[in-house]
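**Q** Let me see the structure of the following:
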Amino acid sequence: MKFVLIFGPQAVGKMTVGQELSKVTDLKLLHNHMTIELLQPFFGFSSEMWRLSTLFREEIFKAVAKSDLYGMVFTFVWAFNQEEDWREVEKVCNIFESEGGEVYFVELEANLEVRLKRNVTPNRLEHKPSKRNIQKSEENVKEFMERFRMNSLEGEIDRKNYMRIDNSNLSPAEVAQMIKSKFQL
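**A** Model (predicted):
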């Protein structure tokens, strides 16, 4: 079982890279907005929405980890200055590792200008209805940048299967091929 965690700031390209990676491997994609978009119409961006989203994801992870699937990709905005995010990542990794799975970390980074352009791409807006209010979404990207550290510091991630990619000038397909090649997926 392979578990690929793709993380980085908002609109860096996590979902599109995950989509491409799932095309060139047997990995299934669960991008973080799949649960968010299901629950947001009922609960808004409330604590109840986040509680249920976490619960749904955890149950999906447990089921996949015990299945005979080749593996999965999950995308996540990891706030490195938030202890609860560190605990959540560790919990998810433990679900897969306790079942003998291999965990791979892929960190994406791009500057704000690139991310704001990606924030309005048709693919993003198609799969993330909550991002369709462009002004609000752009404000959210900027606000998160001020409140949270969404990329790791040098040496902060101590995992054997880890790669960091500045995908500012790379297509999602190119990044997916880099990941596939590095981790032999």
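**Q** How about residues contacting stretch 98-105?
**A** If you take Cβ atoms under 8 Å, 6 or more residues apart in numbering as the criterion, stretch 98-105 is touched by 1-5, 7, 65-66, 71, 93, 96-97, 157, 159, 161-163, 179, 183, 185. All C-beta atoms are positioned from the backbone trio N, CA, C, and that covers glycine.
**Q** what do you get if the cut-off is 7 Å, keeping everything else the same?
**A** Contact with stretch 98-105 is made by 1-5, 65-66, 93, 96-97, 157, 159, 161-162, 183, as judged by Cβ atoms under 7 Å, 6 or more residues apart in numbering.
**Q** ok, so of the residues you listed, who is nearest residue 32?
**A** Comparing these against residue 32 with Cβ to Cβ places residue 5 closest, at 10.6 Å.
**Q** Give the pairing partners of the longest strand anywhere in the chain; include direction for each.
**A** Taking DSSP state E as the criterion, the chain has its longest strand at strand 102-109. Applying DSSP bridges, strand 102-109 is found paired with strand 2-7 (parallel), strand 162-166 (parallel).
**Q** low-scoring stretches of this structure, by residue?
**A** Judged by pLDDT under 70, the chain has no weakly predicted residues.
**Q** tell me which element the residue nearest to the spatial centre of it falls in.
**A** In the chain, the residue lying closest to the centroid (Cα atoms, centre = their mean) is residue 75, at 1.5 Å. Following DSSP states H and E, one finds residue 75 within strand 71-76.
**Q** Just confirm residue 144 contacts residue 10, I think it does.
**A** Yes. Assessed by Cβ atoms under 7 Å, residue 144 is found in contact with residue 10 at 5.8 Å.
**Q** out of the two, which sits in the busier spot?
**A** residue 10 (22 against 16; other Cβ atoms under 10 Å).
**Q** Can you name the helix or strand that the closest residue to the more buried one other than its chain neighbours falls in?
**A** Once flanking residues are discounted, residue 10 sits nearest to residue 141: 4.9 Å by Cβ to Cβ, 6 or more residues apart in numbering. Using DSSP H and E, residue 141 sits within helix 134-147.
**Q** Tabulate the CA atom coordinates of that helix in PDB.
**A** What follows is helix 134-147, C-alpha atoms only, in PDB (Å, rounded to 0.1, in the frame of the first residue of the first chain):
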ATOM      1  CA  ILE A 134     -12.800  34.800  -6.600                       C
ATOM      2  CA  GLN A 135     -12.500  37.900  -4.400                       C
ATOM      3  CA  LYS A 136     -13.100  36.000  -1.200                       C
ATOM      4  CA  SER A 137     -10.900  33.100  -2.300                       C
ATOM      5  CA  GLU A 138      -8.000  35.500  -3.100                       C
ATOM      6  CA  GLU A 139      -8.400  37.200   0.200                       C
ATOM      7  CA  ASN A 140      -8.300  33.800   1.900                       C
ATOM      8  CA  VAL A 141      -5.100  32.800   0.100                       C
ATOM      9  CA  LYS A 142      -3.500  36.100   1.300                       C
ATOM     10  CA  GLU A 143      -4.800  35.800   4.800                       C
ATOM     11  CA  PHE A 144      -3.600  32.200   5.200                       C
ATOM     12  CA  MET A 145      -0.200  33.400   4.100                       C
ATOM     13  CA  GLU A 146      -0.100  35.900   6.900                       C
ATOM     14  CA  ARG A 147      -1.400  33.500   9.600                       C
END
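**Q** I am finished for the moment; much appreciated.
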